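**Q** With the input below, show me the fold.
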Amino acid sequence: MQRRKEEFKYHPNAYLERKRNVVRGLKARTKILKVLTMAAAINKGEEIREKGNELTIKAVSKSAAMSYPSSFHHLRLLEEEEIVKREGKRPYKWILTGKGQRSLDELDFE
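**A** Got it, this is the predicted structure:
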């Protein structure tokens, strides 16, 4: 009897055009994008740049349960594809740009 690998749903923007999309990278980028999406949903209508709501690499890596260098690497890859961008001065704040694919859950069909 064959065991199937556990199905894992990846964020639509975790797939990159200019890089090979290996499973470990897709999982890491999905974690990062979920953290950024949740922060954007919490701060909807508010300024993300307020104290305590800053999404630096340190905050993203802690929330996504990843190492700092790994988070930084994947944020840079996402930045090259213009899915996220950094703002301000050091330490940079990372935000979603709104570009890229959207899941069916994100679309409003009313």
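**Q** Please enumerate the helices of this protein.
**A** Counting by DSSP state H, the chain has helices at residues 23-42, 57-64, 68-80.
**Q** roughly how far is stretch 67-80 from the heart of the chain?
**A** 9 Å (Cα atoms, centre = their mean, to the nearest Å).
**Q** circling back to that earlier point, make CSV from the helices of the chain and add distance to Ala14 to it.
**A** C-beta here means a position set from N, CA and C on the backbone, and glycine is covered the same way. CSV is the format used below for these (distance: least, Cβ to Cβ, whole Å):
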stretch, distance to Ala14
helix 23-42, 4
helix 57-64, 12
helix 68-80, 8
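**Q** Out of those helices, which gets nearest to Leu16?
**A** Nearest to Leu16 among the helices of the chain is helix 68-80 (6.1 Å), distances taken as Cβ to Cβ.
**Q** Which elements pack onto the closest one?
**A** If you count contacts as 3 or more Cβ pairs under 8 Å, 6 or more residues apart in numbering; DSSP states H and E, helix 68-80 packs onto helix 23-42, helix 57-64, strand 84-87.
**Q** Determine which of these approaches Tyr10 most closely.
**A** Taking these one by one with Cβ to Cβ, helix 23-42 is closest: 4.7 Å.
**Q** buried ones in the closest one?
**A** If you call a residue buried by 16 or more other Cβ atoms under 10 Å, then helix 23-42 has these buried ones: Gly25, Leu26, Ala28, Arg29, Thr30, Lys31, Ile32, Leu33, Val35, Leu36, Ala39.
**Q** sorry, back to before: now distance to Lys9 and mean pLDDT too, for the helices and strands packed on helix 68-80, in JSON lines please.
**A** As requested, these are exported to JSON lines (distance: least, Cβ to Cβ, whole Å; pLDDT from 0 to 100):
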{"stretch": "helix 23-42", "distance to Lys9": "8", "mean pLDDT": "93"}
{"stretch": "helix 57-64", "distance to Lys9": "16", "mean pLDDT": "95"}
{"stretch": "strand 84-87", "distance to Lys9": "20", "mean pLDDT": "94"}
